[in-house]
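[1] everything below, folded, please.
(one chain, ligands or ions: 1)
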Amino acid sequence: MKYAQLPDFPADFLWGASTSAYQTEGAWNEDGKGPSVIDVREEYPEGTCDYTVATDTYHHVEEDVALFSELGLKTYRFSIAWTRIVPDGDGEENPAGIAFYHRLIDELLKYGIEPLVTMYHFDLPAALDEKGGWGNRVTIDAFERYARILFREYGSKVKRWLTINEQNMMILHGDALGTTKLRGMEAKKDLYQQNHNMFVAQARVMIACHELFDDALIGPAPNIAPVYAATESPEDVIAAENWYAIRNWLYLDLAVRGEYNGIAWGYLRERGWEPTIEEGDMDLMKAAKPDFIAFNYYNSQTVGAIAEGEAINDGSGDQQIAWGEEGLYKAVKNTHLEHTSFGWTIDPSGFRTVMRQIWFRYQLPMILTENGLGEFDTLTEDGKIHDDYRIEYLAKHIEQIQYALADGVQMIGYCPWSAIDLVSTHQGVAKRYGFIFVDRTDDDLKSLARIRKDSFFWYQELIKNNALPSA
Ligand code: BG6
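    The predicted model follows:
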């Protein structure tokens with residue numbers, strides 16, 4: 001449906017930008033920080049760097065926040081490294097790590113930028129992983145304790161919290177992310193136990209947040225992608241619905257309604273992968289209520305039914321990772337969509353689809369916490385980065401928010417990935433997302449100088465006018 005006129009953005013719309021700790025901070029072992037599963041990772045895709053220095057934001061706090069202020073950000077979404085606060089996950093607190101985030105948050109508040117804090121973005125403390133990670137319920141207690149330290153320290157300054165970033169990606173693609181030692185299908189039962197335990201931990205933290213503060217808001221942050229049926233064949237439609245439920249709704253139904261999605265549960269039961277649910281777990285999840293839904297959107301997925309014994313093809317993978325599953329679905333190339341240089345589909349109207357679906361399913365305010373274009377950027381001879389392709393990508397997605405607002409959806413903010421260049425999760429530094437270029441490559445740290453890209457000035461104008469600049 002088209003509208004003759006699209007609504008303006010609400011005056012208090014939260015224009016922001018996002019990052020995560022391990023992809024930006026560097027200083028991986030400084031000032032008492034303990035190792036996370038990211039730090040102890042042994043393999044990286046060929047030609048990509050590790051995360052030891054990243055974009056070195058740990059040593060550029062004042063400079064970077066001043067740039068965010070110049071950009072005009074209303075909010076900055078970043079994550080706290082659990083291992084800076086509690087180096088081994090559940091032992092002694094680390095005052096230097098705690099002080100670091102006070103410095104960052106105070107700097108943001110100085111410029112009137114609201115901190116939007118992710119508690120956990122893929123970087124589980126390695127010491128907890130050694131003890132079985134999320135498969136061991138000890139990690140549930142450790143996460144609650146860590147969250148309560150964050151509430152104690154930053155609760156008077158932070159009013160919006162995100163619990164866990166992309167829990168669904170950690171479960172579905174944990175081996176690609178390096179976040180789990182478990183490999184292959186035989187590991188799925190353990191993975192779905194980890195999944196369950198994470199939900200229990202999240203529920204405890206949401207309840208604690210509401211008990212401690214009257215004015216703090218908290219929500220989950222999964223990655224949500226629309227799943228299209230490859231054809232009008234009823235089998236393809238069912239395959240798409242199944243994958244939709246297993247990839248997306250499983251995660252939001254538990255976080256919002258405290259219920260296992262029926263289709264997803266059927267899938268788990270059929271394969272013998274149901275988690276052990278302890279007494280009280282489901283009551284806890286029912287009692288925990290998020291105030292909003294944060295979600296990350298990059299692309300859509302197109303799937304079809306898979307015949308018995310049929311090879312999983314390489315049609316159009318989920319974030320270039322998932323291509324299908326025996327007895328469930330196969331990825332199919334969507335010929336209507338263009339691709340980025342890294343092979344990800346570009347689908348702005350898929351963004352409208354998920355905004356509508358999430359809103360009409362859960363009726364909670366929503367904030368987009370990741371969306372962006374990973375591209376090779378070139379620092380040209382004039383000392384600039386002319387990333388008109390990124391501007392075009394962002395403009396097309398932002399326009400979809402206006403369509404969704406016209407559809408009656410309550411979107412309260414947009415925080416694209418990423419505020420500043422960082423080390424991508426799968427493809428190193430060469431794959432850049434930021435509004436601010438960082439002068440380094442995968443094999444040369446160079447000057448680490450910060451340079452405003454053309455997209456920086458474009459987003460700055462957009463935020464100033466609370467409207468898309470005319471093309
Ligand atoms: C999301 C993650 O899955 O996608 C980010 O939350 C990640 O950490 C982003 O960087 C983009 O993926 P990639 O592999 O291009 O960095």
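[2] in this protein, what secondary structure element scores lowest on mean pLDDT?
    Within the chain, no helix or strand scores below helix 174-177, which has a mean of 66 by mean pLDDT, DSSP states H and E.
[3] name the residues of the stretch 101-250 of the chain found near the ligand, please.
    165-166, 169, 223 (C-beta under 6 Å from any ligand atom). For glycine as for every other residue, the C-beta is placed from the backbone atoms N, C-alpha and C.
[4] from these, list just the buried residues.
    Those of those that meet the buried threshold are 165-166, 169, 223, by 16 or more other C-beta atoms under 10 Å.
[5] now tabulate those in a markdown table and tack on secondary structure.
    What follows is those, written out as a markdown table (DSSP: H, G, I helix; E, B strand; the rest coil):
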| residue | secondary structure |
| --- | --- |
| 165 | strand |
| 166 | coil |
| 169 | helix |
| 223 | strand |
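[6] just those residues: which has the poorest pLDDT?
    In this model, the minimum pLDDT among those belongs to residue 169 (91).
[7] surely it is in contact with residue 223?
    Yes: counting by C-beta atoms under 8 Å, residue 169 touches residue 223, with 5.2 Å between them.
[8] need the buried ones among the residues of the stretch 101-250 of the chain next to the ligand in TSV (columns: distance to residue 54).
    Output for these, formatted as TSV (distance: C-beta to C-beta, whole Å):
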residue	distance to residue 54
165	16
166	18
169	19
223	21
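[9] how near is residue 84 to the ligand?
    Taking C-beta to the nearest ligand atom, to the nearest Å as the measure, residue 84 falls 18 Å from the ligand.
[10] other SSEs contacting the helix or strand where that residue lies?
    Under DSSP states H and E, the secondary-structure element containing residue 84 is helix 82-85. Counting contacts by 3 or more C-beta pairs under 8 Å, 6 or more residues apart in numbering; DSSP states H and E, helix 82-85 packs against helix 95-110, helix 138-154.
[11] out of these, which gets nearest to residue 79?
    Closest to residue 79 of these is helix 95-110 (C-beta to C-beta; 10.1 Å).
[12] now stretch 389-408: buried residues?
    390-391, 393-395, 397-406.
[13] any idea of the mean pLDDT in that stretch?
    Averaging pLDDT along stretch 389-408 gives 98.
[14] residue boundaries of the strands in the stretch 301-450 of the chain?
    For the stretch 301-450 of the chain, strands defined by DSSP state E, counting those that start in this stretch occupy the ranges 301-304, 324-325, 329-331, 338-339, 345-346, 366-370, 411-414, 436-438, 450-452.
[15] tabulate those (CSV), appending mean pLDDT.
    Listed next are those as CSV, based on pLDDT from 0 to 100:
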stretch, mean pLDDT
strand 301-304, 93
strand 324-325, 86
strand 329-331, 92
strand 338-339, 92
strand 345-346, 92
strand 366-370, 98
strand 411-414, 98
strand 436-438, 98
strand 450-452, 98
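[16] nearest to the ligand, out of those?
    strand 366-370 (5.5 Å; C-beta to the nearest ligand atom).
[17] just for the chain, where's the confidence low?
    175-186, 313-322 (pLDDT under 70).
[18] apart from its chain neighbours, what residue comes closest to residue 96?
    Among residues not flanking residue 96 along the chain, residue 31 sits closest, at 3.8 Å (C-beta to C-beta, 6 or more residues apart in numbering).
[19] just residue 286 next, same as before
    Nearest non-adjacent residue to residue 286 (C-beta to C-beta, 6+ apart): residue 258, at 3.7 Å.
[20] backbone phi and psi for that neighbour, please?
    Dihedral pair for residue 258: phi 70, psi 30, per degrees, to the nearest 10.
[21] so who does it touch?
    203, 282, 284-288 (C-beta atoms under 8 Å, 6 or more residues apart in numbering).
[22] most widely separated two among these?
    282 and 288 (10.9 Å).
[23] same drill for the two, tell me which one is more crowded.
    Remark: of residue 282 and residue 288, residue 288 carries more neighbours, 24 against 17, as counted by other C-beta atoms under 10 Å.
[24] please report how far the spatially closest residue to that one that is not a sequence neighbour lies from the ligand.
    Excluding the flanking residues, the one nearest residue 288 by C-beta to C-beta, 6+ apart is residue 203, at 3.6 Å. Using C-beta to the nearest ligand atom, residue 203 is found at 21 Å from the ligand.
[25] pull the distance from the helix or strand containing residue 203 to the chain's centre.
    Taking DSSP H and E as the definition, residue 203 sits inside helix 188-212. For helix 188-212, the separation from the chain centroid amounts to 17 Å (computed by C-alpha atoms, centre = their mean, to the nearest Å).
[26] against which helices or strands is it packed?
    Helix 188-212 packs on helix 138-154, strand 160-165, helix 167-172, strand 217-221, helix 281-287, going by 3+ C-beta pairs under 8 Å, 6+ apart.
[27] can you add distance to residue 121 and give the strands of the stretch 301-450 of the chain back as TSV?
    Putting the strands of the stretch 301-450 of the chain into TSV (distance: least, C-beta to C-beta, whole Å) gives the following:
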stretch	distance to residue 121
strand 301-304	22
strand 324-325	26
strand 329-331	26
strand 338-339	26
strand 345-346	24
strand 366-370	10
strand 411-414	18
strand 436-438	19
strand 450-452	22
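[28] can you give me phi and psi for the nearest residue to residue 34 once chain neighbours are set aside?
    Leaving out its chain neighbours, the residue that sits closest to residue 34 by C-beta to C-beta, 6+ apart is residue 87, at 2.8 Å. Here is the backbone geometry of residue 87 (degrees, to the nearest 10): phi -50, psi -40.
[29] isn't residue 87 right up against residue 36?
    No: Residue 87 lies out of contact with residue 36 (C-beta under 8 Å); the separation is 9.7 Å.
[30] so out of everything in the stretch 151-300 of the chain, what residue is nearest the ligand?
    Nearest to the ligand in the stretch 151-300 of the chain, going by C-beta to the nearest ligand atom, is residue 166, at a distance of 4.8 Å.
[31] please report how far the nearest residue to that residue once chain neighbours are set aside lies from residue 371.
    With sequence-adjacent residues excluded and distances taken as C-beta to C-beta, 6+ apart, residue 166 is closest to residue 223, at 4.5 Å. To residue 371, residue 223 is 10 Å away according to C-beta to C-beta, to the nearest Å.
[32] between these two, which contacts overlap?
    Contacts common to residue 223 and residue 371, judged by C-beta under 8 Å, 6+ apart, are 296-298.
[33] helices along the stretch 351-471 of the chain, start to end?
    Along the stretch 351-471 of the chain, counting by DSSP state H, counting those that start in this stretch, helices occupy 388-406, 454-465.
[34] and these: which comes nearest residue 98?
    Here helix 454-465 is closest among the helices of the stretch 351-471 of the chain (C-beta to C-beta), at 31.0 Å.
[35] for that closest one, buried residues please.
    Here helix 454-465 shows 454-456, 458-460, 462-463 as buried, counting by 16+ other C-beta under 10 Å.
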